[in-house]
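S.K.: Sequence unavailable; structure follows:
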């Protein structure tokens, strides 16, 4: 290979890489096992949490299973995320008015900001 072609090939490589990064973008947030860990609140277990960010909108998806022996009645679930400066944002998750014993439902909640740098994520059940 000619030494004159190396700079041209390097420039082409950087341009192609730039286009690929632009097209893919930061659509999938890095999973932070600290905030996306499995949790249990009042007999409801929250598992398989996944956080995606696309165009500045964060979308959290999480499985909710009722481990109580009876049907659990509720209104909605608050999902509170707190950043490093102790500022918090609340997402609202709705799975219906009740969840049967051993039943699993999926919550999908979104917010119009990137919450990937949050230090905590807590679930509050509103009955």
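M.R.: Here it is on my side, so go on. The structure displayed is predicted, hence computed values, not measured ones. Numbering: from 1, shown residues only.

S.K.: From the centroid of the chain, which residue is nearest?
M.R.: Of all residues in the chain, the one closest to the mean position by C-alpha atoms, centre = their mean is residue 51, 1.7 Å from it.

S.K.: My read is that it contacts residue 57, right?
M.R.: No - with contact taken as C-beta atoms under 8 Å, residue 51 and residue 57 are classed as non-touching, separated by 11.2 Å. For every residue, glycine as well, the C-beta is placed using N, CA and C.

S.K.: ranges for the helices of this protein?
M.R.: Assignment of helices within the chain using DSSP state H yields the ranges 5-24.

S.K.: So which residues of the chain form strands?
M.R.: With DSSP state E as the criterion, the chain has strands at 39-41, 44-54, 57-66, 72-73, 76-82, 88-93, 98-99, 104-111, 120-126.

S.K.: Turn these into JSON lines, including mean pLDDT.
M.R.: Output for the strands of the chain, formatted as JSON lines (pLDDT from 0 to 100):
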{"stretch": "strand 39-41", "mean pLDDT": "97"}
{"stretch": "strand 44-54", "mean pLDDT": "94"}
{"stretch": "strand 57-66", "mean pLDDT": "95"}
{"stretch": "strand 72-73", "mean pLDDT": "96"}
{"stretch": "strand 76-82", "mean pLDDT": "95"}
{"stretch": "strand 88-93", "mean pLDDT": "95"}
{"stretch": "strand 98-99", "mean pLDDT": "96"}
{"stretch": "strand 104-111", "mean pLDDT": "96"}
{"stretch": "strand 120-126", "mean pLDDT": "95"}
